[in-house]
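Participant: any chance you can model this:
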Amino acid sequence: SMRGAVELGLHPSYHSSTEPTIAAEDRQRLMAVTGEAPRLNRQHFLRWRLPDTLRALLDAGFTEDHSLGFTDRLGFRAGTCTPFPYYDLERDEETALMLWPFACMDSALYDRMGIDASTASDHIQPIIDEVSYVQGTFISTWHDRFLSDSGEWKGWWQVMQQTVAQAGQAALGCPAGAGREPDVVCTFGGVGPCGARLGGLDR
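Facilitator: Modelled structure (predicted):
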């Protein structure tokens, strides 16, 4: 059983970024199947509108969003590797929705940067090192087609495993790492509701 090893989240419908009721409807559907209320969200194609999409996620009951990252490169879109609460500027208030910025996504490497599985780790390691240097949380995003380990995505399953292992080792090696679990978070998205946090590797 995967219970306890992962936390299920939602990858809501494409138009959820512009139609505020869709994320809540998708969440209800997932709850009907699993019997549990998902807290985690990642938007399709990382599409969102400020402040509408994030307000809709809050209203739907989500407490974490994992959509803040680049589609075409590695790096820190929010300028940080540390999760932070969404601050609604129009309402001048901090919200209960935590934004978890990711620094690495498989499709950015392969589809947009033209990097294949054989050299992907060479590009990911410097990002892991940057996160380790500031004792941050390394967050990566993976798609089901890459983890299928077949066809043109052969070798990406091993890239994901190596990334998690390297990030975990880097976290344990930093001064704050002794005696604690490494801060490594992976989100997985497919065509339907899915997403997970690797429980044994997350604080």
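
Participant: I'd assumed residue 159 was in contact with residue 121.
Facilitator: Yes: assessed by Cβ atoms under 8 Å, residue 121 is found in contact with residue 159 at 6.1 Å. All C-beta atoms are positioned from the backbone trio N, CA, C, and that covers glycine.

Participant: give me the more crowded residue out of these two.
Facilitator: Neighbour tally, residue 121 and residue 159, criterion other Cβ atoms under 10 Å: the higher count belongs to residue 159, 26 against 16.

Participant: list the contacts of the closest residue to that one other than its chain neighbours.
Facilitator: In space, and not counting its chain neighbours, residue 159 is closest to residue 120: 4.7 Å by Cβ to Cβ, 6 or more residues apart in numbering. Residues counted as contacts of residue 120 (Cβ atoms under 8 Å, 6 or more residues apart in numbering) are 106, 109-110, 156, 159.

Participant: out of these, which are buried?
Facilitator: Buried members of the contacts of residue 120, counted by 16 or more other Cβ atoms under 10 Å: 106, 109-110, 156, 159.

Participant: strands of this protein, residue ranges please.
Facilitator: 40-41, 64-65, 84-88, 93-99, 104-105, 138-143, 184-189 (DSSP state E).

Participant: and these as TSV, adding distance to residue 10?
Facilitator: Converted to TSV, the strands of the chain look like this (distance: least, Cβ to Cβ, whole Å):
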stretch	distance to residue 10
strand 40-41	5
strand 64-65	10
strand 84-88	17
strand 93-99	14
strand 104-105	18
strand 138-143	14
strand 184-189	10
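
Participant: could the ones you listed go into TSV alongside mean pLDDT, mean neighbour count and distance to residue 22?
Facilitator: As requested, these are exported to TSV (pLDDT from 0 to 100; neighbours: other Cβ atoms under 10 Å; distance: least, Cβ to Cβ, whole Å):
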stretch	mean pLDDT	mean neighbour count	distance to residue 22
strand 40-41	94	26	12
strand 64-65	96	22	15
strand 84-88	98	15	19
strand 93-99	98	15	17
strand 104-105	96	25	23
strand 138-143	91	24	21
strand 184-189	63	24	16
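
Participant: quick one: closest of those strands to residue 27.
Facilitator: strand 40-41 (8.3 Å; Cβ to Cβ).

Participant: how far away is residue 58 from residue 91?
Facilitator: Noted for residue 58: a distance of 11 Å to residue 91, by Cβ to Cβ, to the nearest Å.

Participant: just residue 104 next, same as before
Facilitator: Distance from residue 104 to residue 91, counting by Cβ to Cβ: 32 Å.

Participant: can you check residue 84 too?
Facilitator: From residue 84 to residue 91 the distance is 17 Å (Cβ to Cβ).

Participant: so which of the contacts of residue 120 comes closest to residue 6?
Facilitator: Using Cβ to Cβ, the contacts of residue 120 come closest to residue 6 at residue 106, 17.7 Å.

Participant: quick one: contacts for the closest one?
Facilitator: When contacts are counted by Cβ under 8 Å, 6+ apart, residue 106 touches 120, 140-143, 146, 156, 159-160.
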